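**Student:** Curious how this folds, go ahead:
(2 chains)
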Protein chains: 2
Amino acid sequence: MATEIPDIVIGRLPLYLRALTHLAEKGQTTTSSHELGQRLGISSAQIRKDLSHFGEFGKQGTGYHINFLIDQLRHILHLNLVWSIAIVGAGYLGHALAHYQGFEQRGFRVAWVFDNDPQRVGETVNGVEVRHINDMIACLREEHVQMALLAVPTEAAQETADMLIEAGITAILSYAPINLKVPVGVQVQYSDPVVQMQRMTYYLNATAQYPET
Amino acid sequence: MATEIPDIVIGRLPLYLRALTHLAEKGQTTTSSHELGQRLGISSAQIRKDLSHFGEFGKQGTGYHINFLIDQLRHILHLNLVWSIAIVGAGYLGHALAHYQGFEQRGFRVAWVFDNDPQRVGETVNGVEVRHINDMIACLREEHVQMALLAVPTEAAQETADMLIEAGITAILSYAPINLKVPVGVQVQYSDPVVQMQRMTYYLNATAQYPET
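**Tutor:** Here you go, the predicted model:
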């Protein structure tokens, strides 16, 4: 782990972790870069190269021990603890995220939900009380929360991100379809359904939707 | 465009398109692989290599003409038409997706929303009437819809995906935290906030959340 690992490699590790966890749940104990690659649409050479940044995890012939590799990846990605996360925006999207069934056992816990609508403040969303956004900076600072999901309307996204940064948040997953301006040292990932759909339209038959009649 | 383009290259084109569109909206007319790379965290060499699969878009010294490159990318990704999409599941997530402000002008139109809850059927979500899932196969087949967003509870995800495939859908963006089994020829992308957050925890200080006192 001496030299810096390219971010694109880091970005693939959670995909490996998800695929490995899926195999473990099915009761499988070993796998290969070939099998992982087929599940993920990534070449086996790429997978071996990515993992080699972190040590020797597999053996020629026997492949990877799934549970061992899961442990290693969780360690590398700092998932051997539970990260408290804040959801900002308690509209449809905030509700959907608070109810997301994939957080548990994967390293995250929704600890806070904020909104600026007095009607929503005090409401409980999947066991978490919605707090007013005016309390956000104090709450997050006190608890040293580092991660937030930004689920506010587009026009409020930048100013809300600014508040999160003031609150000490250094990692934001944004659902707004705009590029946020953030200072160096703050990470932003964007969840954008359009980007994922545009990747698929490349392969679709553009004439099938409007067939000649 | 003679040989097959790696899928990982295709997957980056929508990111280039989004960044270029953002620059165009700011009034900029030209850019460079260096500028794009800095915005996206991708090396300029990678960007030039990716785009070179499709032709000669840039010139040494002057860089890329933004509007021209946007047009080319939209053409390559089959976004010079509007794709009708179906949302399955009209819960919090389905509502959030139906209200997403990023579809318009980027090639997609929410044409259908389905749910199995009689209480929700007939309700209007952002101008689209919720139809019963029992009508789904007939509706989507008749309209030759090819893309769907899967926003149903985890336990219903696989059977609903099976129905979508029966309806002729060949591209699914799934929000359920499970791997779907689909036949060859059907594309699936997964939207998983955990995968995006795990990429960021790598860079976070794991001791800061629970400081010693």
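
**Student:** show me where chain A has helices.
**Tutor:** A:7-25, A:33-40, A:44-52, A:66-76, A:92-98, A:136-143, A:154-166, A:193-201 (DSSP state H).

**Student:** can you pull the buried residues of the third one?
**Tutor:** When neighbours are counted by 16 or more other Cβ atoms under 10 Å in any protein chain shown, the buried residues of helix A:44-52 are found to be A:Ile47, A:Arg48, A:Asp50, A:Leu51. For glycine as for every other residue, the C-beta is placed from the backbone atoms N, C-alpha and C.

**Student:** before we move on, the earlier item: using JSON lines, lay out the helices of chain A together with distance to B:Arg18.
**Tutor:** JSON lines is the format used below for the helices of chain A (distance: least, Cβ to Cβ, whole Å):
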{"stretch": "helix A:7-25", "distance to B:Arg18": "17"}
{"stretch": "helix A:33-40", "distance to B:Arg18": "23"}
{"stretch": "helix A:44-52", "distance to B:Arg18": "24"}
{"stretch": "helix A:66-76", "distance to B:Arg18": "29"}
{"stretch": "helix A:92-98", "distance to B:Arg18": "19"}
{"stretch": "helix A:136-143", "distance to B:Arg18": "28"}
{"stretch": "helix A:154-166", "distance to B:Arg18": "14"}
{"stretch": "helix A:193-201", "distance to B:Arg18": "6"}
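
**Student:** Now distance to B:His132 and mean pLDDT too, for the ones you listed, in TSV please.
**Tutor:** Below are the helices of chain A laid out as TSV (distance: least, Cβ to Cβ, whole Å; pLDDT from 0 to 100):
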stretch	distance to B:His132	mean pLDDT
helix A:7-25	32	92
helix A:33-40	34	88
helix A:44-52	43	92
helix A:66-76	41	95
helix A:92-98	21	96
helix A:136-143	40	96
helix A:154-166	32	96
helix A:193-201	24	95
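
**Student:** who does the residue nearest the centre of chain A bridge with?
**Tutor:** Geometric centre of chain A, nearest residue: A:Leu173, 7.1 Å, by Cα atoms, centre = their mean. Note on A:Leu173: beta-bridge partners by DSSP bridges are A:Leu149, A:Gln189.

**Student:** residues contacting it?
**Tutor:** The contact partners of A:Leu173, taken as Cβ atoms under 8 Å, 6 or more residues apart in numbering or on different chains, are A:Met147, A:Ala148, A:Leu149, A:Leu150, A:Val188, A:Gln189, A:Tyr190, A:Ser191, B:Pro193, B:Gln196, B:Met197, B:Met200.

**Student:** if we go to 7 Å?
**Tutor:** Applying Cβ atoms under 7 Å, 6 or more residues apart in numbering or on different chains to A:Leu173 gives the contacts A:Leu149, A:Leu150, A:Gln189, A:Ser191, B:Pro193, B:Gln196, B:Met197.

**Student:** For the fourth one, list the residues it contacts.
**Tutor:** Under the criterion of Cβ under 7 Å, 6+ apart, the contact list for A:Ser191 reads A:Leu173, A:Tyr175, B:Ser191, B:Pro193, B:Gln196.

**Student:** Throw those into TSV and include distance to B:Glu129, thanks.
**Tutor:** Output for those, formatted as TSV (distance: Cβ to Cβ, whole Å):
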residue	distance to B:Glu129
A:Leu173	32
A:Tyr175	25
B:Ser191	25
B:Pro193	29
B:Gln196	32
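
**Student:** Which segments of chain A make up each domain?
**Tutor:** A:7-76, A:83-196 (automatic domain parsing).

**Student:** Pick the most deeply packed of those domains.
**Tutor:** Most buried of the domains of chain A by mean neighbour count (mean count of other Cβ atoms under 10 Å in any protein chain shown) is domain A:83-196; its value is a mean of 19.
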